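Prediction below, plus the sequence it came from.
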Amino acid sequence: MPLSRIPLPRFPAPLLTTTAPRTDPTVLLHLVRRIAVEDHAAFADLYDALSLPLLRELESTLRDPDRAAGITCGTFVEVWTLARFHVGANTDVHAWMTDIVARRTADRQAADRWRPDRADERSTDAPLRPWWAAVADSHDRDMDLTLRALLVRAPRCGG
């Protein structure tokens, strides 16, 4: 069935309409617990609370807005996928997401070292481009599409 024909469930009002700060650790953990049971509204609330700070930090670190956007999108898709494993009382959602960003950034930087358009920067004795580097090139587009489906709207980090 095409994604556009899947009926959307009704969700309760977003948690973040309360006076609680959007990045309060208790609020973030509550959102992750709701995401663990596939609550799209909670996912959108978490995205709205943390996507811009993550994106801005990545843009200043990477100095490449496209890479920063791809990593941000991928981080939120990974949060959706793994939320059910991070619902414990001691879960620090912000630290967990920061770890995801750090790993994804390191993966992208490793893949970028092998990009064909940078071949002139490599020494002639550098190893051939590994198979996984080609996957990284299309990964950002896939993450953007997946995130659009999860948010049921266009993500801020995508096109």
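Yep, it's here.

buried residues in the one helix or strand Arg67 maps to?
Here Arg67, judged by DSSP states H and E, is contained in helix 65-82. For helix 65-82, the neighbour count (16 or more other C-beta atoms under 10 Å) marks 67-80 as buried. Where you see a C-beta, it was placed from the backbone N, CA and C, and this is true even at glycine.

next one: stretch 81-99
Buried-residue list, stretch 81-99, by 16+ other C-beta under 10 Å: Ala83, His86, Thr91, Val93, His94, Trp96, Met97.

So what touches it?
23, 25, 28-29, 31-33, 35-37, 46, 50, 54, 75, 79 (C-beta atoms under 8 Å, 6 or more residues apart in numbering).

which of the residues you listed count as buried?
Leu28, Leu29, Leu31, Val32, Arg33, Ile35, Ala36, Leu46, Leu50, Leu54, Thr75, Val79.

Now tell me which of the residues you listed the prediction trusts least.
pLDDT across the buried ones among the contacts of stretch 81-99 is lowest for Leu54, at 90.

right, and that residue touches Ala102 too?
No - using C-beta atoms under 8 Å, Leu54 is not in contact with Ala102, being 11.1 Å away.

what stretches of the chain score poorly on pLDDT?
1-22, 112, 114-141, 154, 156-159 (pLDDT under 70).

By residue count, what's the longest helix in it?
helix 40-62 (DSSP state H).

Taking their axis directions, that helix and helix 65-82 sit at what angle?
140 degrees (axes from the mean of the first three to the mean of the last three C-alpha atoms, to 10 degrees).

From Val101, how far out is Arg67?
12 Å (C-beta to C-beta, to the nearest Å).
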